[in-house]
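In: With the sequence up front, the predicted model follows.
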Amino acid sequence: MRGERPTRERPGTRVAVDGGWVVTPDTVFRGGRVVVKGDRIAGVYEHPAESPPVDGRVDAAGRYVLPGLVDLHGDDIERYLFPRSGDRVAVDAALVAADRLTLAAGVTTKFDAVAFENAPEKNRSVETAVEVVDAVARDPGLVADHRVHARCEVTDPESVAVVGDVAGREIVDIVSAMAHAPGTGQFEDETAFERRYADGRGATTGAVERVGRERAAVGSATRRQRIADLATELADAGVVVASHDDSGPAAVDHAVDNGVDLCEFPLSLAAAERAHERGAATSMGARKVVRGGSLWGNLDARRAVEQGVVDALCSDYRPGAMLAAVFVDTGESLPARVQRVTSAPARIAGLDDRGRLQAGARADLVVVDPDPVPTVSRAFVGGTESYRCDS
């Protein structure tokens, strides 16, 4: 971070964020004011003169004032844990590094998507996943509000068993079931699995082939039963249950019939449409909206947005993509695009106290300079100015 040291106001003071384009759930106030008191938004005003007196002021002229972004699925922590294959960084240090860059991307509520699978070729293990969950719970100086999205690899029985136990922890709010194996979901065959699963992380061809064979040996009936059993086990845990890479309506039906609340990264428009028909939320990677199209020929996120079947966008592996997606013209209003990365994911996660600039909401907000690239200049988390980078 550059610039002045972030300020921490006294709980009883009123701080006004003034002069920017204030994006509310319904409209945009040019030159509006957001007043923060303690950890809450005290008021939002189209005309600053209408607000009560304030004790401090943040100049947001020429910038956008948005709710803090809510990221339901951010697995970038893996890249900080292993910047290169075999180069392991201490988990607390990796988490803190990810936290600071999360804030720089405008994300104030982050669900760290932790992969519970034994896959050395991707630097993943169930043991490491548990370490990350422990670190999030321990909070080694994190600034954003971090929670855990536990990703369960249903071809791995150890993953299923451990995730079932971990889901009872207060810090775990989302559990998703994934099956990364040749012939399943986005991996249409052995070649696709080998090409993509290595992910440029130094895995040998033989290691990836071995993992592919082992996972493919777990039949579809077994995978589906494990998903059903996991959903049953989680029914009373108070967590959001998500499916992953649903290929079509039949996969969505099986997921929803077994208690799934969220369909992540549907692979086809038909799958996304079925999720909406069945009342499940859908989320896709923000990077697909920014880039346009899919790297692997799957569902085009912009097309899905146009069809009205994308509820939320997540960072997946690029935190900055969420903010960038807000400024991609999809033919919708700016408030509608903002909601897809703020109030919509907050609602899906059951966090109804945040994701909107309204009186009484949690005071998570960001000030964004739109040119030449959307960049966060200020971020408030729970009413505290936690990030500042004025150029």
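Out: The structure has been received and is ready for your questions.
In: okay, and for the protein, where does confidence drop off?
Out: Residue ranges of the chain with pLDDT under 70: 1-11, 180-219, 293-297, 391.
In: Secondary structure element holding the residue nearest to the spatial centre of it?
Out: Residue closest to the mean C-alpha point of the chain, counted by C-alpha atoms, centre = their mean, is residue 71 at 2.4 Å. Element membership of residue 71 [criterion: DSSP states H and E] is strand 69-74.
In: From the contact counts, what lies against that strand?
Out: If contacts are counted by 3 or more C-beta pairs under 8 Å, 6 or more residues apart in numbering; DSSP states H and E, strand 69-74 sits against strand 107-116, strand 172-178, strand 312-314, helix 320-326, helix 343-348. Bear in mind the C-beta positions are built from the backbone N, C-alpha and C, glycine included.
In: could you dump these to a markdown table with mean neighbour count and distance to residue 270?
Out: Converted to a markdown table, those look like this (neighbours: other C-beta atoms under 10 Å; distance: least, C-beta to C-beta, whole Å):
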| stretch | mean neighbour count | distance to residue 270 |
| --- | --- | --- |
| strand 107-116 | 27 | 25 |
| strand 172-178 | 24 | 20 |
| strand 312-314 | 29 | 19 |
| helix 320-326 | 25 | 23 |
| helix 343-348 | 23 | 21 |
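In: can you redo those as JSON lines with distance to residue 126?
Out: Output for the helices and strands packed on strand 69-74, formatted as JSON lines (distance: least, C-beta to C-beta, whole Å):
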{"stretch": "strand 107-116", "distance to residue 126": "5"}
{"stretch": "strand 172-178", "distance to residue 126": "14"}
{"stretch": "strand 312-314", "distance to residue 126": "23"}
{"stretch": "helix 320-326", "distance to residue 126": "28"}
{"stretch": "helix 343-348", "distance to residue 126": "26"}
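In: Surely residue 56 touches residue 16?
Out: Yes. In this structure, residue 56 is within contact of residue 16 by C-beta atoms under 8 Å, at 7.2 Å.
In: how close does residue 32 sit to residue 244?
Out: As judged by C-beta to C-beta, to the nearest Å, residue 32 and residue 244 stand 39 Å apart.
In: ugh, wrong one, I meant residue 27
Out: Separation of residue 27 from residue 244 (C-beta to C-beta): 36 Å.
In: can you check residue 349 too?
Out: For residue 349, the distance to residue 244 - C-beta to C-beta - is 16 Å.
In: Same check on residue 357?
Out: In terms of C-beta to C-beta, residue 357 sits 32 Å off from residue 244.
In: can you check residue 312 too?
Out: Counting by C-beta to C-beta, the gap from residue 312 to residue 244 is 14 Å.
In: and what of residue 98?
Out: 21 Å.
In: still on that earlier bit, which one's more surrounded, residue 56 and residue 16?
Out: residue 16 (23 against 14; other C-beta atoms under 10 Å).
In: mind checking which helix or strand the more buried one is in?
Out: strand 14-23.
In: Extract the CA atoms of the helix or strand just after that strand and return them as CSV.
Out: The helix or strand immediately downstream of strand 14-23 is strand 28-37, counting by DSSP H and E. Provided in CSV are the C-alpha atoms of strand 28-37 (Å, rounded to 0.1, in the frame of the first residue of the first chain):
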residue,chain,number,x,y,z
VAL,A,28,-26.5,6.2,-8.7
PHE,A,29,-26.1,9.5,-6.8
ARG,A,30,-23.6,11.8,-8.5
GLY,A,31,-21.8,13.8,-5.8
GLY,A,32,-23.6,11.9,-3.1
ARG,A,33,-22.5,11.1,0.5
VAL,A,34,-22.2,8.0,2.6
VAL,A,35,-22.0,8.5,6.3
VAL,A,36,-20.3,5.8,8.4
LYS,A,37,-20.7,5.6,12.2
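In: Run the chain-centre distance for strand 28-37.
Out: The chain centre lies 26 Å from the centre of strand 28-37; the measure is C-alpha atoms, centre = their mean, to the nearest Å.
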